[in-house]
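1. sequence unknown, structure follows:
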């Protein structure tokens with residue numbers, strides 16, 4: 001079932017945007033953003049609204065936990081849109097490679113599209129990585145560095161609810 005569409009419509013009246021939504025290991029993880037950051041009160045409201053909708057519509061069978069949070073300073077990069085939003089930022093990623101060891105890269109994202117990301121790694125130089133080969137990636141916050149404005153700058157706010165469907 002498509003959960004992104006109803007969750008986006010639930011978040012919009014709260015002035016929030018859906019950054020990520022993932023159902024994994026018994027948890028529905030919803031990550032929200034907005035210009036200027038997300039505070040705990042807003043995350044709590046989002047959790048309540050989504051929880052009520054889940055109770056009414058019961059789209060997920062069985063027991064699960066709802067976790068609503070902001071991406072925080074070092075946000076996870078999982079989708080092409082995430083990598084595109086990180087252009088100009090420092091990221092760290094692990095790249096799976098056939099017939100070779102996993103490669104760890106860190107550098108500034110200079111380009112991204114639906115299938116690959118290009119970054120300038122401090123040691124490797126300009127590197128193009130196919131998104132399908134990215135094992136794990138996140139932005140890197142450098143203390144004292146000039147930060148690029150992003151939808152959520154501040155401590156990660158989080159609110160969880162246990163649900164039984």
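-> Noted; the coordinates are in hand. For clarity, every value in this text was computed on a predicted model and none was experimentally measured. Residues are numbered from 1 along each chain as shown.
2. Could you pull out the helices in the protein for me?
-> Here the chain has its helices, by DSSP state H, at 4-11, 40-57, 80-85.
3. May I see those helices arranged in JSON lines, with mean neighbour count as well?
-> (Glycine included, C-beta is placed from N, CA and C.) Putting these into JSON lines (neighbours: other Cβ atoms under 10 Å) gives the following:
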{"stretch": "helix 4-11", "mean neighbour count": "16"}
{"stretch": "helix 40-57", "mean neighbour count": "16"}
{"stretch": "helix 80-85", "mean neighbour count": "19"}
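4. Output those helices as CSV; include the columns distance to residue 136 and mean pLDDT.
-> Output for these, formatted as CSV (distance: least, Cβ to Cβ, whole Å; pLDDT from 0 to 100):
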stretch, distance to residue 136, mean pLDDT
helix 4-11, 22, 96
helix 40-57, 24, 95
helix 80-85, 12, 94
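5. how about those helices in CSV, adding distance to residue 126?
-> As requested, those are exported to CSV (distance: least, Cβ to Cβ, whole Å):
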stretch, distance to residue 126
helix 4-11, 33
helix 40-57, 38
helix 80-85, 16
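6. Residue 128: which of those helices is closest?
-> Among these, helix 80-85 comes nearest to residue 128, with 12.0 Å by Cβ to Cβ.
7. which residues are in contact with that closest one?
-> 19-20, 75-77, 109, 112-115, 117, 131, 137, 150 (Cβ atoms under 8 Å, 6 or more residues apart in numbering).
8. Show me how the record splits the chain into domains.
-> 4-73+150-164, 80-139 (automatic domain parsing).
9. Got a quick PyMOL command for the buried subset of the contacts of helix 80-85?
-> Listed next is the PyMOL selection for buried residues among the contacts of helix 80-85, using 16 or more other Cβ atoms under 10 Å:
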select buried, resi 19+20+75+76+77+109+112+117+131+137+150
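10. farthest-separated two in the contacts of helix 80-85?
-> Across these, the longest distance by Cβ to Cβ is 23.1 Å; it joins 115 and 150.
11. so residue 59 touches residue 4, yeah?
-> No: contact criterion Cβ atoms under 8 Å: residue 59 and residue 4 do not qualify, at 11.6 Å.
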